[in-house]
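Undergrad: pasting the structure only:
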DNA sequence: TTGACAATCGAACATATGTTCGATTATAAT
DNA sequence: ATTATAATCGAACATATGTTCGATTGTCAA
């Protein structure tokens, strides 16, 4: 006969998590439990310890026992965001879909790019994914073979956004600036000297993501 | 009458600095002075304190007194590199030169880009500089208006490297893949559909830097 | 209402950790 | 050799900080 159902994480816990991050960013070392207590208005160190134990059991923090300031966020404070590289992007192949449920191998350097946090939009960073451009088919988007394209998964787009599009009838993937009008869609290449494509209303068009960033590393590759 | 000349930082000091960085990266909090001592084979905590005082006076570390693990590198451990943006790059204007002596305003977000350390070559990161592309003149290098180009300052280039070049006679700045042959230089655009430029031996040509990276942030800019 | 457990408190405790200081040894300039 | 100062040591000290535990209060389910 269970009495009270164990609640999940409450506001206090999130307050602590937030404080840990903030404090670390400011001091470059973690707070003591008494400092945490002061922040959440709790005097009793054992009470704070109690909270920390819960957070640890939930896998949100890690603790080194008997070590001063031995508390840290499970996902350490960092100024970079690891973005998984799902696969290649090329004209002839569909765009891989990002499933936020799946844990990608972001630990492996080969399958992720690290982007400085300051360069990314504040929202929804966890959902970003990256693709590696294969071949020259994105050249009209000013994107080269080998470039890394960072995308935010979306199904809709506003006018003027650069989006990754799959055209089922043509079996073609493309990156274009997107415009919608009464007749259908207008897809403009980033390279202004190239002609836009018009897609009639009747033709299906799947928006897979919005381009947030392009990174090109250049290492002595002859052309 | 001074007796012994005060030496600068010795090997021990650098060993400590190195340890601080290493330890922080591994534990996500700084070491105690006794842990530092263990690393440099010094028992006496006052001796370690003595070293730390020296390092602090030299401005290499900062200490919070009476705070456990209150030691940190003056330049905190970070996984991003701040690269100063020296100015614009465009066809008609010369390339700004990077002077490693000058301290650029890298604190100001507007004048620097942060690049994840993992994306950069290991050597000479402090010397890198960035330029913001203005206009469409770099379009044949697959580089767009607003892109950030990261460069390493060099005066010479090997074949196949992408370099920033100033052509004094034409008063023109350009980004091209560089090749040298018996007749002079061949400058190839990154866009393979465009024609290379041949520069005769007689014409002066100043190499200003080697392109290491291109970053394009895309925020809803219509085209 | 009552039992069971969660939440909270407070105080005592153990020790991890920075600080201080006097003494000793090493080094270089005179 | 002498001397002033740097370098080093060791031990005592003060306290910052994590841990433990018994007691009290709050809250839900039976």
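TA: Alright, I've got the coordinates. Keep in mind it's a predicted model, so treat the numbers as computed, not measured.
Undergrad: can you give me the strands in chain A?
TA: Taking DSSP state E as the criterion, chain A contains strands spanning A:61-63, A:71-73, A:80-89, A:112-116, A:129-133, A:148-153, A:161-167, A:172-181, A:184-188, A:197-200, A:206-217.
Undergrad: quick one: low-confidence parts of chain A?
TA: Where chain A drops to pLDDT under 70, the residues are A:1-7, A:99-110, A:220-223.
Undergrad: from residue A:63, how far out is the residue in chain A that DNA strand C sits nearest to?
TA: The minimum distance from chain A to DNA strand C, using Cβ to the nearest atom of the strand, falls at residue A:46 (2.8 Å). C-beta coordinates here come from the backbone N, C-alpha and C atoms, glycine included. For residue A:46, the distance to residue A:63 (Cβ to Cβ, to the nearest Å) stands at 15 Å.
Undergrad: of these two, who's got more company?
TA: Using other Cβ atoms under 10 Å in any protein chain shown as the criterion, residue A:46 and residue A:63 rank with residue A:63 on top: 16 against 9.
Undergrad: and residue A:202, how far from residue B:74?
TA: According to Cβ to Cβ, residue A:202 stands 64 Å off from residue B:74.
Undergrad: tell me which of those two has more neighbours.
TA: residue B:74 (12 against 7).
Undergrad: go ahead and confirm the more buried one touches residue B:63.
TA: No - look at residue B:74 against residue B:63 with Cβ atoms under 8 Å: they stay out of range, at 10.3 Å.
Undergrad: can you pull up the bridge partners for the residue lying closest to residue A:196 once chain neighbours are set aside?
TA: The shortest distance from residue A:196 to any non-neighbouring residue, by Cβ to Cβ, 6 or more residues apart in numbering or on different chains, is to residue A:188 (4.4 Å). Counting by DSSP bridges, residue A:188 is bridged to residue A:177.
Undergrad: what's the burial count for residue A:188?
TA: Taking other Cβ under 10 Å as the neighbour definition, residue A:188 ends up with a count of 20.
Undergrad: list the contacts of residue A:61.
TA: Contacts for residue A:61 (Cβ atoms under 8 Å, 6 or more residues apart in numbering or on different chains) come out as A:17, A:20, A:52, A:55, A:71, A:72, A:73, A:74.
Undergrad: how close does the closest residue to the fourth one other than its chain neighbours get to residue B:197?
TA: So that's residue A:55. Among residues not flanking residue A:55 along the chain, residue A:61 sits closest, at 4.6 Å (Cβ to Cβ, 6+ apart). Distance, residue A:61 to residue B:197, using Cβ to Cβ: 58 Å.
Undergrad: from start to finish, how long is stretch A:188-202 in a straight line?
TA: Distance across stretch A:188-202, first residue to last, is 19 Å (Cα to Cα, to the nearest Å).
Undergrad: got the buried residues for that stretch?
TA: Going by neighbour count (16 or more other Cβ atoms under 10 Å in any protein chain shown), the buried part of stretch A:188-202 is A:188, A:189, A:190, A:191, A:197, A:199.
Undergrad: in CSV: those, plus distance to residue A:83.
TA: Putting the buried residues of stretch A:188-202 into CSV (distance: Cβ to Cβ, whole Å) gives the following:
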residue, distance to residue A:83
A:188, 26
A:189, 25
A:190, 21
A:191, 25
A:197, 28
A:199, 29
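Undergrad: out of the residues you listed, which one sits closest to residue A:158?
TA: Closest to residue A:158 out of the buried residues of stretch A:188-202 is residue A:188 (13.9 Å), distances taken as Cβ to Cβ.
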